[in-house]
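Visitor: Show me the folded form of this:
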Amino acid sequence: MDVELLGAAGLPVGGSPSAATEASNGRASPTAEEEEHKKAQSVQQLFSLVIADWPLLIQASLLLVVAAISEVLIPHYIGLTVKEIINAEASKTLQSRPFKGPVKNLLIAAACCAIFSALRGATFIWIGSRASVRLRRKLFYALLRQEIGFFDTTKTGELTSRMTQDCQKVSDQVTLNVNVFLRTVVSTVTTLVFMCSLSLPLTMVAFVSIPAVVAISKRYGKVMRTLSEATQKVLADANAVAEESLSTMSTVRSFASEDLEELRYSERLLEFGSLMQRQARFYVPYMSCTMMLPQAVTALVLFYGGKLAMDGDCKAESLVSFVFYLQTLNSNFSTLGDFYTNMVQALGAATRVFALCGREPKLPLEPSAAQATEAAPVRQSLKGTLRLEGVRFNYPARPDVEVLKGLSLEVLAGQVVALVGPSGNGKSTVIGLVKRLYKAHEGRVTLDGIDIWSFPNQEFHRLISIVGQEPVLYARTIRENIVYGMENPGRKSPVDGTLVEDSFIHEVARKANAHGFISEMPEGYDTEAACCWYC
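Guide: Numbering: from 1, shown residues only. Sure thing, here's the model as predicted:
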């Protein structure tokens, strides 16, 4: 039989059950209106990531305007160069090179475009890195404050996938697309101004393909959002399988289950490959149409422009410049179509990330003001009498299985109590309730007569100590592992604000019979421990 001990010496906590994700717990599917509302919220939150860096955005926008204007001037000077060459050839004055001025201006415009575009791109990379850090911190902050039941019903690999792949995709797509969108809008406006100044009839002809391109991009974007969400989910599942297998390799090896785990991972990857093939099939007609339509319009403009030139309504050099501007305009509209598609794909990842960021814990870490006031007198003169009063409990992952059925228990201050019984009878569950990892559905757990949920989180966990059967070693120094929970980020004690002295750490290690072999290590207490080692 298994034994758990309750007492002043410590509280060893056993494992809790794991299960499928929270989505499998019978939640109703959202309506179309709710989906649209969620989508609008996600869009707003997406842009809030970069709006926070508004000074950098203003700087990038100014650089963008200069770069876009310089870029638009390039076809203008190309047209002037062609005009001067034609005029010089007609007047037999090629020796004087009258086109040197336009060529010089062309080079200046190209240099300005290159330099300011590079500066604009670098600024947006900076903005993107800041947005990525901001989003990851926000998500990690939210996850650290979720109740333990949430982690029982959500795979760790899925959460790490959200923090790595989804966060990176969101920050990359948003900053890249804000950059591209602003550049494209400024370039499009300035290009249209020059095109209208050259020939208004040709400009009207150039807009023939726009409705078709917009409709195709919108339809393609809708399909890609659905496929993107499915792809990200499959990748999260694959990461969950890999994380689960690699973090328990000793178990996998003990059961010779390497082939089984490889098969499970391969199944997820095959599903991922199938989804990517579907994306590829939709990509073919989309790209064919969006690339063919602009070229068809270019041919139409050349045909109509040639007629206007022959009728004397349009100069040849103006037609040359107009065609260059048309190529820029076509490229801009194609970019805007890609912008819509990419933003829709980013929405798929963003919806899940922001849902986690905005999730309210079912069990808040801190008590209400009324609860804290009730516990204040007891906190000043704590004795340590622990009671479970009519406790009923079932795990979030198994809501239909009641583990504790009206359990009452009293542990007096200074008393040592052993919970004895076969596996699955609720011994570790009692420890989990005492440690505030879970909350009883009925009844309550009290410390000196006060509900344990009335104590502030940090203070309560300093009052209740724990010695696990297999304590985890984090991927940090041995010193940091020993003082884990005893120091705040400033390496000071959260109790009295003083530094944790090395002499105290060495004394603790001696009591654990660990000082000798720690001191023999090359870096001593500064030796890095491997993540998830167990003592």
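Visitor: OK, contacts around the closest residue to L182 other than its chain neighbours?
Guide: Once flanking residues are discounted, L182 sits nearest to L64: 5.5 Å by Cβ to Cβ, 6 or more residues apart in numbering. Every C-beta, even on glycine, is put in place using the N, C-alpha and C of the backbone. Contact analysis of L64 by Cβ atoms under 8 Å, 6 or more residues apart in numbering lists 116, 120, 179, 182-183, 186.
Visitor: Using PyMOL, define a selection of the buried residues within the residues you listed.
Guide: Here is the PyMOL command that selects only those of the contacts of L64 that count as buried (16 or more other Cβ atoms under 10 Å):
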select buried, resi 116+120+179+182+183+186
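Visitor: Domain ranges for this protein, per the record?
Guide: Listed domain ranges for the chain are 2-14+365-463, 39-49+133-357, 472-534 (source: automatic domain parsing).
Visitor: Switch these over to a markdown table, and while doing so, append mean pLDDT and distance to L106 to every line.
Guide: As requested, the domains of the chain are exported to a markdown table (pLDDT from 0 to 100; distance: least, Cβ to Cβ, whole Å):
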| stretch | mean pLDDT | distance to L106 |
| --- | --- | --- |
| domain 2-14+365-463 | 81 | 64 |
| domain 39-49+133-357 | 81 | 11 |
| domain 472-534 | 77 | 56 |
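Visitor: what's the closest of those to A109?
Guide: Nearest of the domains of the chain to A109, taken as Cβ to Cβ: domain 39-49+133-357 at 12.3 Å.
Visitor: after the helix or strand containing the residue nearest to L182, next one along is what?
Guide: Element membership for L64, per DSSP states H and E: helix 54-90. Following helix 54-90 in sequence order, the next helix or strand is helix 100-144 (DSSP H and E).
Visitor: Within the helices and strands, which one has V445?
Guide: strand 442-447.
Visitor: Just the buried residues of that strand, please?
Guide: Neighbour-count burial for strand 442-447 [16+ other Cβ under 10 Å]: 443-447.
Visitor: Just checking, which helix or strand succeeds that strand along the chain?
Guide: strand 450-451.
Visitor: Packing partners of that next one?
Guide: Applying 3 or more Cβ pairs under 8 Å, 6 or more residues apart in numbering; DSSP states H and E, we find strand 450-451 packed against helix 369-380.
Visitor: Show me what the helix it packs on packs onto, helices and strands only.
Guide: By 3+ Cβ pairs under 8 Å, 6+ apart, helix 369-380 packs against strand 450-451.
Visitor: quick one: contacts for the closest residue to R136 other than its chain neighbours?
Guide: What sits nearest to R136 in space, not counting adjacent residues and going by Cβ to Cβ, 6+ apart, is C167, at 5.1 Å. Applying Cβ under 8 Å, 6+ apart, we find C167 in contact with 132, 135-136, 139, 353.
Visitor: Name the residues that touch stretch 276-289?
Guide: With contact meaning Cβ under 8 Å, 6+ apart, stretch 276-289 is reached by 212-213, 216-217, 220, 223-224, 227, 231.
Visitor: how about a markdown table for the buried residues of strand 442-447, with distance to E244 added?
Guide: Listed next are those as a markdown table, based on distance: Cβ to Cβ, whole Å:
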| residue | distance to E244 |
| --- | --- |
| G443 | 34 |
| R444 | 35 |
| V445 | 32 |
| T446 | 37 |
| L447 | 36 |
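Visitor: where along the stretch 351-500 of the chain do the helices fall?
Guide: For the stretch 351-500 of the chain, the helices defined by DSSP state H, counting those that start in this stretch occupy 369-380, 427-434, 457-463, 478-482.
Visitor: The residue nearest in space to the middle of the chain and G121, how far apart?
Guide: What sits nearest the mean C-alpha location of the chain, by Cα atoms, centre = their mean, is C167, with 1.7 Å. Using Cβ to Cβ, to the nearest Å, C167 is found at 21 Å from G121.
Visitor: Next, count neighbours for L56.
Guide: Using other Cβ atoms under 10 Å, L56 is surrounded by 15 other residues.
Visitor: quick check: angle from the host helix or strand of Y340 to helix 100-144?
Guide: Using DSSP H and E, Y340 falls within helix 316-357. Relative orientation of helix 316-357 versus helix 100-144 (axes from the mean of the first three to the mean of the last three Cα atoms, to 10 degrees): 10 degrees.
Visitor: could you say what helices and strands helix 316-357 packs with?
Guide: By 3+ Cβ pairs under 8 Å, 6+ apart, helix 316-357 packs against helix 32-51, helix 54-90, helix 100-144, helix 167-198, helix 200-206, helix 210-246, helix 258-310.
Visitor: To P522, which of the ones you listed lies closest?
Guide: Of all these, helix 210-246 sits nearest to P522, with 27.0 Å by Cβ to Cβ.
Visitor: Return the residues in contact with M521.
Guide: Counted by Cβ under 8 Å, 6+ apart, M521 has contacts 478, 527.
Visitor: cutoff 6 Å now
Guide: M521 makes contact with T527, according to Cβ atoms under 6 Å, 6 or more residues apart in numbering.
Visitor: about what we covered before: counting neighbours, which bits of the helix holding L64 end up buried?
Guide: Taking 16+ other Cβ under 10 Å as the criterion, helix 54-90 shows 57, 59-61, 63-85, 88 as buried.
Visitor: Tell me the spacing between A349 and V320.
Guide: 44 Å.
Visitor: Which one of these two is surrounded by more residues?
Guide: Of the pair A349 and V320, A349 is the one with more neighbours under other Cβ under 10 Å, namely 25 against 20.
Visitor: Can you name the residues that contact that one?
Guide: Going by Cβ under 6 Å, 6+ apart, A349 touches 166, 169-170, 232.
Visitor: which one of these sits closest to L388?
Guide: Nearest to L388 among these: D166, at 40.6 Å, using Cβ to Cβ.
Visitor: That closest one and V353 touch, don't they?
Guide: Yes - the pair D166 / V353 is scored as a contact, 5.0 Å apart, by Cβ atoms under 6 Å.
Visitor: okay but A238 is in contact with S266, surely?
Guide: No - at 9.3 Å, A238 does not count as touching S266 under the criterion of Cβ under 6 Å.
Visitor: In terms of neighbours, single out the busier of the two.
Guide: Taking other Cβ under 10 Å, A238 and S266 do not tie; A238 has more neighbours (21 against 13).
Visitor: Now for that one: which residues touch it?
Guide: Contact criterion Cβ under 6 Å, 6+ apart gives 268-269 as the residues in contact with A238.
Visitor: same deal with K155?
Guide: K155 sits next to A240 when contact means Cβ under 6 Å, 6+ apart.
Visitor: now do C314
Guide: Per Cβ under 6 Å, 6+ apart, neighbours of C314: 199, 305, 308.
Visitor: and the residues you listed as TSV, adding distance to V208?
Guide: Shown next, in TSV, are those (distance: Cβ to Cβ, whole Å):
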residue	distance to V208
S199	15
G305	14
L308	16
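Visitor: coming back round to it: ok, and the most crowded of the contacts of A349?
Guide: The most crowded member of those, judged by other Cβ under 10 Å, is V170 (30 neighbours).
Visitor: quick one: that one from A372, how far?
Guide: V170 sits 37 Å away from A372, taking Cβ to Cβ as the criterion.
Visitor: go on, D400?
Guide: 35 Å.
Visitor: Pull out the buried residues from stretch 401-420.
Guide: 403-404, 407, 409, 411, 419.
Visitor: okay if I get these as TSV plus distance to V391?
Guide: As requested, the buried residues of stretch 401-420 are arranged in TSV below (distance: Cβ to Cβ, whole Å):
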residue	distance to V391
V403	10
L404	5
L407	5
L409	8
V411	13
L419	13
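Visitor: Could you tell me which of those are located in strands?
Guide: 404, 407, 409, 411, 419 (DSSP state E).
Visitor: which helices and strands sit right next to the strand holding V445?
Guide: Judged by 3 or more Cβ pairs under 6 Å, 6 or more residues apart in numbering; DSSP states H and E, strand 442-447 is in contact with strand 386-393.
Visitor: Look up the closest residue to D400, ignoring the ones flanking it.
Guide: Leaving aside its sequence neighbours, D400 sits nearest to N394 (Cβ to Cβ, 6+ apart; 7.4 Å).
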